[in-house]
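K.L.:
Okay, here's the prediction I keep looking at, along with the sequence it came from:
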Amino acid sequence: MTLQDHAGDYSITPVEERVHIAVDDAEVVSSSKALRLSRPGQPDRIYVPMEEIRADLLLATDDHRDTDLGEIHLYTIRSATTTVEKGAEYVSETAPGAEALHDHVHFLTGKVEYKLTEK
């Protein structure tokens, strides 16, 4: 797949590998439909479609903010072994150029572990 969206100083492209996300050493998400947000001078961010995340994994908080990507809501991650406060960001409303991230979730680096494998 080619470049999906490009706006301002970022690009959004499909992740070619399968994305595995672990919380407290337990895999909570495995996605073959993830997207990569790239910005010059910043680490890439991985976004997973909400439809690929178990409904009981995320608990909405009252925290949200407007960003250049759109409206972002913070979620608490609840796994079988731990709770990670404000560990994920959900893109509910996108800004122009970031439409591909609509209904996607970014699990915050440092709060989860990412692993990429072949699809």
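P.N.:
Received it, and whenever you're ready, just let me know what you need. Residues are numbered from 1 along each chain as shown.

K.L.:
spatially speaking, which residue is in the middle of the protein?
P.N.:
The centre of the chain sits closest to His106, judged by Cα atoms, centre = their mean, with a distance of 1.9 Å.

K.L.:
hang on, that one is in a strand, isn't it?
P.N.:
Yes - using DSSP: H, G, I helix; E, B strand; the rest coil, the assignment for His106 is a strand.

K.L.:
per-residue confidence at it?
P.N.:
As summarised for this prediction, His106 has a pLDDT of 97.

K.L.:
do the same with Tyr47
P.N.:
The predicted local confidence for Tyr47 comes out at a pLDDT of 98.

K.L.:
Surely it is in a helix?
P.N.:
No - if the criterion is three-state DSSP, then Tyr47 is strand and not within a helix.

K.L.:
beta partners of the residue nearest to it when sequence neighbours are not counted?
P.N.:
Nearest-residue entry for Tyr47: His104, 3.8 Å, with adjacent residues in sequence omitted and distances by Cβ to Cβ, 6 or more residues apart in numbering. Where C-beta positions appear, they are placed from N, C-alpha and C, glycine not excepted. His104 has the following beta-bridge partners by DSSP bridges: Pro49, Val91.

K.L.:
mind listing what His104 touches?
P.N.:
Listed by Cβ atoms under 8 Å, 6 or more residues apart in numbering, the contact partners of His104 are Leu35, Tyr47, Val48, Pro49, Met50, Tyr90, Val91.

K.L.:
can you rerun that using 10 Å?
P.N.:
12, 31, 33-35, 37, 46-53, 69, 89-92, 94, 98 (Cβ atoms under 10 Å, 6 or more residues apart in numbering).
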